Structures are given as structure tokens and as C-alpha cells.
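# model the structure of this input:
(2 chains)
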Amino acid sequence: MSALPSEARLRDPGVTWIRPTRGWGGLQLRELWRFRELFYFLVWRDIKVRYKQTLLGAAWAILQPFLTMVVFSIFFGELAKMPSDGIPYPIFSFSALLPWQLFEGGISKAGTSLVAGRNLITKVYFPRLAVPAAPILAGAVDFCLALLVLFAMMAYYHTPLTWAALTLPVYLLLALVTALGVGFWLAALNVAYRDIGYVIPFLVRVWFFSTPITYAISLVPEKWQAAYWLNPMVGVVQGFRWAILGVGRPPEILLLASAGVGLCLLGTGIAYFRRMERTFADVV
Amino acid sequence: MGGLAVRVQDLGKQYRIGQTTGTYRTLRDSLAQAAGTPWRRLQARFAHKYPVETIGAANTIWALRHVEFDVERGQVLGVIGRNGAGKSTLLKLLARVTEPTEGMAEIHGRVGSLLEVGTGFHPELTGRENIYLNGAILGMRRVEIDRKFDEIVAFSEVPRFLDTPVKRYSSGMYLRLAFAVAAHLEPEILVVDEVLAVGDAEFQRKCLGKMSDVAQAGRTVLFVSHNMSAIQRLTQETILIEGGRLALRGPTVQVVDHYLSSGLSQEGERTWDGDESAARSKPFRPIALRVLDSRGHVASQVPSTEPIQIEFEYDLDMEITGLRIGLYLTTGRGDPVFTSFDTDAADDFERVASRPAGHYISRCVLPANWLNEGRFLLGVNASAFRIRSFFSDEHALTFTVDGTGAPGSQWPEARSGPLRPALAWQIETIQAEEA
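Numbers count the residues shown, from 1 in each chain, chains lettered A, B, ... in the order given. Below is the predicted model:
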């Protein structure tokens, strides 16, 4: 048996120790920090590549939510007369589609990222958390572009911008935290179980209808409201509507439930990912 | 100079069978297996700890075990061994791509791994963008890439195409750019695996040149290759991995000699049934390479006075256009004798421009009275020129040529050189004295 290195030698920054990891492995924040430039480049790559060789380029970032909003407004707003808390349906649905598309695009791309990046994973070392995290953060660029459209729509519908809009980053952060948590889970699971490739579209659809995007939250019976808010995206969407349109309730205890679940997803996602990470290269 | 660069202690890596061949489990498989077995087993499966006691030793293999060695700073260490002996596993462990199952290694300094050039290249990005991306992936800092950018571009010989997406590059340009980035990586410890297996001869020479520059610059290098002459040129000391164990360590000349002569390599016939490297070459699937004597029997020893038939049997899972099967004959000391492709003849090149999926044998005959006596190495490769290398084994099998009755055997002396051809000598008598 080999002698165990002393604590002092283990902490020597110039020496890398290669050993089987026991237990959960921890966060390795120092390692993530050391590879921040690679992470930056991966995000940059995802942004660069996203609309390469498309005719309309970055306009897709605006067109996708905008056209979806138009379709929703026709079918759900005009024909089905979905309740929208008295807000014009187009801006009602668009304010929810914004964070939703960030979330949906993020988890879809993150979920398949490790498998798509297998030739990276089997050849080079770096903290693997960067792989699913990159497409989620890259989605924030699309989000910002679409946000401009939202502001234009607010001007069109004479919806004044209030101080409440300053809370938007909080909801955006919650959307990102949730997307990262779910993304880590799906990506790690997908390495071992390719079933996840089939689960993702289904999950996205179910989640979409469990979130008040096409309908108003008032549609959900009062006794189910508490359970309903356990979906972190409910917190995000309601937060967006409150911050921009001034409908619904200001942040309160239910938002904490949403945030709690979001953080829980992130925590367990990272833990599971770190646990599985050590065998990614062998299994993928 | 001096001091420890790498210390490997009792390093081992266990794989579950099935993982190494790249198959993956489905949730259904896992559920089916879990049903009727204790919860413990499912837990073990999720935990991925491969405990021998719960999953069963029969399902696991040790790709590498009880490996111990040190590398001094500034040393260039060769690593040789047969396919599947564990060389690549060792490099993957040192490059931290995968974790060991037991033991440990300590590494002093930054490790750069060149397990494959062009890792992380994105086809949609331009050459310029890929230099930054690939550099970052290989572990370079941004300022470092900025600093070396012009040098990298000059080395790559593609300055005019810097703003063209690399998907429009020819494969030669692609490789040059990829190697240019990798070659300018300056870690304290460089791990290199089979970089030379790609590209044309000229490019391989360039890579070797750069490798020897690196070696002379006092960098610590771990160099894995099947190319015995490259190993001999670049390293003084070599380790031999055999069946996942460290079999030998010593001066390169001795280790290479031991490797070539100890029957580690297969004689007469080489099969790739279920081989890991063969599984990676899809849609090309090598089956066997054989040396046959004049009666058509597999032979590890053939007389030099008879023609020697070489056949390579393989399957194609799908149609491949431009496929060519190459044979590389080298002497036991690693000096090349010849390279020949099955579509060398202009007629064949056009007639079999494309091969549909199916089962094939490519066959050729080395003429009688041609090779000198001694041991020869036969390598084989399957590639589409400048498009893709499907499969390559530079050290597929060895055979011995027996010189009994060869031209000139009336004089019992050794002849130098790999060939001992029966040439059509003419002795013209210009003037002869009457006896």
C-alpha cells in the first residue's frame, strides 16, 4: 500500500493529486475558479455558434418568443378567451414567455450537452459542470434581446415601467438557478441513461402547462395554490408579471417556496453531478 | 532540471465490462436488473462505485493495476504496449480525464494532454475563433494565446483562411491548425498519445520534429506510441505495459527489443475480435490480418524462397468511398521497408472507388526471394485519403523470414539490409583468357 501524503503536501498548490474520490467530492470552487476562462470560452462558443449559417441570425432570438406570443394570442387569447387578469393577452403571455424560453432552451441544451460534448469529456480534464452551465448562461443573451421587444410592447400598450421592475434580476436569477439545477440533473443522468433524450421534450411540455404562461394563475383553485407555487417557474413567471405589469401579489412567502425548491434543485443537481462526474469519461 | 515530475503509486483502474466498448445502459436495463435483486445493488449501480462484492468480479476488469513509476523533471519517457494493454488508460488517469479506482499519482506542475489534436474544435467557428477555444480547452490562458497567436498562425500555414469556418477547411489544413495550437501549449508535463497516427507522412514528420523540440527544451514528456522508431528517436527510457501491469522499465533500446522479441506481439495471424480499438473504427471493422505461406496456411515463419501472401479481412458496416487498405512493413528494429495500398494500381483505384457494406479480404503477395531473413513487423491501416483514418495498427503482427536456400546461401554469412532479392545478374564475359 502506498503511504498517504501528509496534509501539508496535499495542500501544496503546485502538486496535483490523482486519487479516487471518496464520498460526495464537494464543490471544488477553487477548481471552478481556475478554469473560469475555459468556462467563458464555452459560453462564448455557444453564443457564437447559435445562429451561424442562418439567414436571419440573431433575429431568431426575438422572432421565436414573438411568433409564439402571436400564436398564443390568437388561439388562447382571442379564440379560447383565456383569463389574463385584465391585461392585454399579447403582453400577458410575452412577459411569461421570456423567462420560460430561457429556462426551456437552457435545460434542453444542458441536458444533452455532455453527450454532445463527449469528445471533449473523454480527452481533456476540466470541471465538467461548465459543460451544461455554458448553454444556460449563453441563453441569457437571447433573453436580453427579447427583453428589448418586451419594452417596446410595454410602450405600445402604455404599460408604465415602475420601481417594481428593479426586482426583475431576482426572478431572472431564480430562473437561472432552476435551469442550472434541472440542467445538471438531466445532463448527468443522460450520460448513463439515454432515455433522458426522450424525457426532455416531454418534461418541457408538462412543465410548460404547469406554469401560468398561457393562463392566469387565478385559474388554479385556492386550495392548490400552495402546492402550485412549489414549481419554481411559477415564482419566476408571477414575479415577472408583477414586476412588469403590476398584476398578482408582490413577493411574499410563496415566492420563498419557489426559490427554496429552485435552490434545492440546484444543490441536489450539483451534488448528483459531482458524484457521477468521475465516471463520465468511462460511461459516455 | 532534476526533481520529481510525476510519481505513480499502486495506480489501478477498474472498468465494468461493457463500458469499455462504449455501450451505454438504458433505464430499462437498469430497472430490469434491479428487479429481484437487493436494494443494495441498485444503490451500488447509482453510486457507480463498482464494488466487486456486490456486482461480482466477473463483470469487471482491471484495465490497469499496481502500476508504479516515477518520472524526473525534464525526462522524456516512452510508454509502449499492445493495444488494450492499458497505455491509454494510464494516460487518461494522468490527464485526469477519468478517476483511478485505487492508488494515487502526484503530479508536480501543469499537465497538458495531447490525447487527440483538434479536441473541441467547432466546425462552425472560424480558424481564429477555434484557436482561442481550443487553446482554452487545452489549458492555455487567454493572455498566453494572445501572445502566441501569431506564432500559432505561422506554424499552421493557414493565415489566409483564418476567418473561414473550419468546416470549410481541407482535412490537412484542419490538422495543421489543430496541431499548431497543441504544439504551442507549454505545460510543465506533456502527455502525448498517438498524435502521429493522423495525417500524411509530411505532417507526421513535422509533428515528430516538434515533439523532439519539446523533448530537447527540457520539458517532461510522456510519449505513448506504437511507432517504435519514433519512440527510439525521442526517448531514452521506456516503460512497457502488459495486461494492465508495468512489465518492464529500462533504456528504450532494451525495452523495445524485449517487446518485439518476447512474443508479446502476435505472430502469423492477428485478429481483432472484440478489440477495443477495433470498436472505435466503425463503420470499418477489422477482422484479421494473416501471413500465409505458399500453401495458403497461416505461418509465423515463412521461407524467403517462396512467395508470401498477406491478407487482411474486414467488414464494412456501411459504404465507404475512397477507402484504401495500407500495409506497412518494417524490420524488427523499426526501420520501414515499404508502404503499399490495395488501390495503388490506377485501375483498381477507379474500379473500387467505393466499397458497399459487406465482408472483404484485401490480399497481396510478396515475391519469392525478396525479403532478407529476420523478423518483420506488419502494420495495417484503413483510411480515406485526407478525409479520415478509420483504423490503424502499426504493430499488428510479426513474422519471421527463414533464409534457408536464399540467394547466396552458399556463403554462410549474414547479409545486411531488409531485402535479399534474387536479382537477374548478368555476367558478361568481355574477354577471357583461355584456360
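# domains in chain B, as residue ranges please.
B:4-13+B:65-261, B:269-402 (automatic domain parsing).
# can you flag the weakest of these by average pLDDT?
Mean pLDDT is lowest for domain B:4-13+B:65-261 out of the domains of chain B, coming in at a mean of 84.
# so how far is that one off the chain centroid?
Mean-position distance between domain B:4-13+B:65-261 and its chain equals 12 Å (C-alpha atoms, centre = their mean, to the nearest Å).
# check stretch B:375-394 too.
Centroid separation for stretch B:375-394 versus its chain: 9 Å, with C-alpha atoms, centre = their mean.
# element containing B:Arg324?
Per DSSP states H and E: B:Arg324 is located in strand B:323-331.
# equivalent analysis for A:Cys144, please.
With DSSP H and E as the criterion, A:Cys144 is inside helix A:130-156.
# what comes up buried for that helix?
Within helix A:130-156, the residues that qualify as buried are A:130-140, A:142-143, A:146-147, A:149-150, A:153-154, counting by 16 or more other C-beta atoms under 10 Å in any protein chain shown. From N, CA and C alone the C-beta is placed, and that goes for glycine too.
# what angle sits between whichever helix or strand comes after that helix and helix A:130-156?
Downstream of helix A:130-156, the next assigned helix or strand under DSSP H and E is helix A:168-192. Comparing the axes of helix A:168-192 and helix A:130-156 via axes from the mean of the first three to the mean of the last three C-alpha atoms, to 10 degrees yields an angle of 140 degrees.
# what's the spacing between helix A:168-192 and its chain's center?
Using C-alpha atoms, centre = their mean, the mean C-alpha position of helix A:168-192 is found 4 Å from that of the whole chain.
# ok, now which ones touch A:Ser218?
Residues near A:Ser218 by C-beta atoms under 8 Å, 6 or more residues apart in numbering or on different chains: A:83, A:85.
# just the pLDDT at it, thanks.
86.
# ok so it is a strand residue?
No. Under DSSP: H, G, I helix; E, B strand; the rest coil, A:Ser218 sits outside any strand and is assigned helix.
# for A:Met82, see how far away it is.
As for A:Ser218, its distance to A:Met82 is 11 Å (criterion: C-beta to C-beta, to the nearest Å).
# over to B:Thr398?
For B:Thr398 relative to A:Met82 (C-beta to C-beta), the value is 77 Å.
# residues of the stretch 1-150 of chain A that sit close to chain B?
Proximity of the stretch 1-150 of chain A to chain B is confined to A:1-2, A:5, A:14-21, A:37-38, A:40-41, A:44-45, A:48-49, A:52-53, A:119-126 under the rule C-beta under 8 Å from any C-beta of the partner chain.
# now do the SS call for B:Tyr314.
Once three-state DSSP is applied, B:Tyr314 turns out strand.
# same deal with B:Ser340?
B:Ser340 is classified as strand under three-state DSSP.
# now do the one 3 residues further on
B:Thr343 carries the three-state label coil when classified by three-state DSSP.
# that one and B:Ile320 touch, don't they?
No. B:Thr343 lies out of contact with B:Ile320 (C-beta atoms under 8 Å); the separation is 12.0 Å.
# show me whatever sits in contact with both of those two.
With C-beta under 8 Å, 6+ apart, B:Thr343 and B:Ile320 have no common neighbours.
# quick one, strands of the stretch 301-435 of chain B?
Counting by DSSP state E, counting those that start in this stretch, one finds strands in the stretch 301-435 of chain B at the ranges B:301-303, B:308-316, B:320-321, B:323-331, B:336-341, B:354-355, B:358-366, B:374-384, B:388-402.
# check chain A too.
A:15-18 (DSSP state E).
# again with the stretch 1-150 of chain B
Secondary structure of the stretch 1-150 of chain B (DSSP E, counting those that start in this stretch): strands at B:4-16, B:60-72, B:76-80, B:102-108, B:111-114.
# got the CA positions of the shortest one in PDB?
What that stands for is strand B:111-114. Presented in PDB, the C-alpha positions along strand B:111-114 are these (Å, rounded to 0.1, in the frame of the first residue of the first chain):
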ATOM      1  CA  VAL B 111      -0.300  18.800 -17.300                       C
ATOM      2  CA  GLY B 112      -1.100  19.300 -20.900                       C
ATOM      3  CA  SER B 113      -2.500  16.400 -22.700                       C
ATOM      4  CA  LEU B 114      -2.400  15.800 -26.400                       C
END
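# I'd like to know which elements it is packed against.
Helices and strands touching strand B:111-114, as assessed by 3 or more C-beta pairs under 8 Å, 6 or more residues apart in numbering or on different chains; DSSP states H and E, comprise helix B:87-94, strand B:189-193.
# give me the contact list for that strand.
The contact list for strand B:111-114, computed with C-beta under 8 Å, 6+ apart, reads A:16, A:123-125, B:91, B:94-97, B:138-139, B:182, B:185-193, B:195.
# and B:Met211, how many neighbours?
Counted by other C-beta atoms under 10 Å in any protein chain shown, the residues lying close to B:Met211 total 23.
# and the helix or strand containing it, what other elements does it pack with?
Using DSSP H and E, B:Met211 sits within helix B:201-216. Counting contacts by 3+ C-beta pairs under 8 Å, 6+ apart, helix B:201-216 packs against helix B:171-183, strand B:220-224, helix B:228-234.
# roughly how far does the residue nearest the centre of chain A sit from chain B?
Central residue of chain A (C-alpha atoms, centre = their mean): A:Ala179, 2.4 Å from the mean position. Per C-beta to the nearest C-beta, to the nearest Å, A:Ala179 is found 23 Å from chain B.
# over to A:Leu203?
Where chain B is concerned, A:Leu203 sits at a distance of 14 Å (C-beta to the nearest C-beta).
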